[in-house]
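A.B. asks: A structural model of the following input is requested.
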Amino acid sequence: MTNTFSLADLTDMTHSKRRSVQLWAEAGVILADESTERAGTGTHRRFSRDEAIIACLVAGLTRHFHMPIGVLLQVSDGIRREQFQSMIDGAMKNGRPCFLVIRPEEVGIGHFQISIVSGADDKNAFDALTKTLIRARSAALAVLRVNDHLAQLWSK
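C.D. replies: Now for the predicted structure:
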C-alpha cells in the first residue's frame, strides 16, 4: 500500500480536475505533509493516506452535491477525528457498507453534523442510516456511500 500521494495521484484517484484538488489543498480541505507544504520550488506536496481518503470523499461530495468550500472544510475536519478514521478503515477492510452522513445542526445556519454509519450488509447499513436520521429528527443534507469512493484507494 502506498503511504503518500502527490497532487497528480489525488487528481487521478478522485477523477477531479487538477485545479479543484489544488483549491482543496490551498483552502485546507486536504492537508499536505508539513515537510512538503510550501517547501519551495521543486518540492511537490505529498499527502498522507488519511488525506487521500478525505480527497476521495470530498470529490464525491462536490460531484454529487456541489458543496461549497466552507462545508467541505467542516466535513474534512470532521473526518479527521480518530473515531471516523477507524470506522472508515474497519468498514473498508471488512467490506462492510459505510455511509458518510451530513446533516444541518440545530445551532444556526452553516453548521453541520458529520457521522459515519455502517452495517454488516447493505440492508443493515441502510436500516442504521434510517434510524440515525429518524433519531435526529432531521433530513440529511448529503449521504455518500464511502465504499464506492474509496475503492480505488483501497486497491493501492
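
A.B. asks: List the residues that contact the residue nearest to Trp24 when sequence neighbours are not counted.
C.D. replies: Excluding the flanking residues, the one nearest Trp24 by CB to CB, 6 or more residues apart in numbering is Ile30, at 4.8 Å. C-beta coordinates here come from the backbone N, C-alpha and C atoms, glycine included. When contacts are counted by CB atoms under 8 Å, 6 or more residues apart in numbering, Ile30 touches Leu10, Val21, Trp24, Phe47, Glu51, Ile54, Ala55, Val58, Ser76.

A.B. asks: what's the helix or strand for Ser20?
C.D. replies: Ser20 belongs to helix 18-27 when assigned by DSSP states H and E.

A.B. asks: and the longest helix along the chain with helix 18-27, angle?
C.D. replies: When the chain is parsed with DSSP state H, its longest helix is helix 49-65. For helix 49-65 against helix 18-27, the angle by axes from the mean of the first three to the mean of the last three CA atoms, to 10 degrees is 120 degrees.

A.B. asks: By mean pLDDT, point me to the weakest helix or strand of the protein.
C.D. replies: Ranked by mean pLDDT, DSSP states H and E, the helix or strand of the chain with the weakest confidence is helix 122-136, at a mean of 81.

A.B. asks: what's it in contact with?
C.D. replies: Applying CB under 8 Å, 6+ apart, the contact partners of helix 122-136 are 96-99, 101, 103, 113, 115, 117-119, 139-140, 143.

A.B. asks: Check stretch 11-23 too.
C.D. replies: Against stretch 11-23 from outside (CB under 8 Å, 6+ apart): 5, 7-8, 10, 29-30, 52, 55-56, 58-59, 62-63, 69, 152-153, 156.

A.B. asks: give me that answer again for 6 Å
C.D. replies: Leu7, Leu10, Ala55, Cys56, Ala59, Gln152 (CB atoms under 6 Å, 6 or more residues apart in numbering).

A.B. asks: Name the nearest of those residues relative to Ala91.
C.D. replies: Ranked by distance to Ala91 (CB to CB), the contacts of stretch 11-23 are led by Cys56 at 13.9 Å.
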